[in-house]
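*Asks:* I'd like to go over a predicted model; first the sequence, then the structure.
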Amino acid sequence: MKKLLLSSFLGVSLVFGNLYAKEDTFNPFEQMQKMQQQIDKIFAEFHRKMLQDDEFKKFDLSFANEPAMDLEDLGKSYRIRLNIPGAKDGKVDIKVKDGVLKVTATTSKEEEKKSSNFIKKERFSGSYLRMITLPKDADTQNLKSNYKDGVLEIVVPKK
């Protein structure tokens, strides 16, 4: 009985030992991250197509678009850049509550003329929303912002 158990243990050890001896070890967290990235791409593509499709234009799809963002650590401050094309200066709102920076913006549609000859209209008009959890050392009382050429730049000093 002891020999059978020992030989079974050695056999299992060899099989599993070979699985983990390879360079390509299975990492479930890496696989889940890859799956999440694929799902994000699918939903982004669906959202883009839905906004462009004439069939969906008859429905009121007033949900916010999440603008692309860069967050940099500049040493004494943080710099956040958001792509918000088409927003007017007065239509961008920046608020901070409980360490979360909330940026909202709206763009307006151009007035359509009855004599327009559009075949398709794809340019985005609507609202943007981005919420960013700031690092603990961010001095949210003294942030500065600038909107130029469709890019909102926010500089948040460190405490």
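*Replies:* Received the coordinates, thanks. Only a predicted model underlies this, so the values are computations on that prediction, with no experimental measurement involved.
*Asks:* and the gap between Q33 and I39?
*Replies:* Counting by C-beta to C-beta, to the nearest Å, the gap from Q33 to I39 is 11 Å. Every C-beta, even on glycine, is put in place using the N, C-alpha and C of the backbone.
*Asks:* for K88, same thing?
*Replies:* Taking C-beta to C-beta, one finds K88 at 34 Å from I39.
*Asks:* Same question for K49.
*Replies:* 16 Å.
*Asks:* How about G99?
*Replies:* Counting by C-beta to C-beta, the gap from G99 to I39 is 28 Å.
*Asks:* Next, count neighbours for T107.
*Replies:* 19 (other C-beta atoms under 10 Å).
*Asks:* P85: which element?
*Replies:* Using DSSP states H and E, P85 sits in no helix or strand.
*Asks:* So it is in contact with K148, correct?
*Replies:* No. Applying C-beta atoms under 8 Å, one finds P85 not in contact with K148, separated by 11.6 Å.
*Asks:* Isn't L71 up against I80?
*Replies:* Yes. Taking contacts as C-beta under 8 Å, L71 lies within contact range of I80: 5.3 Å.
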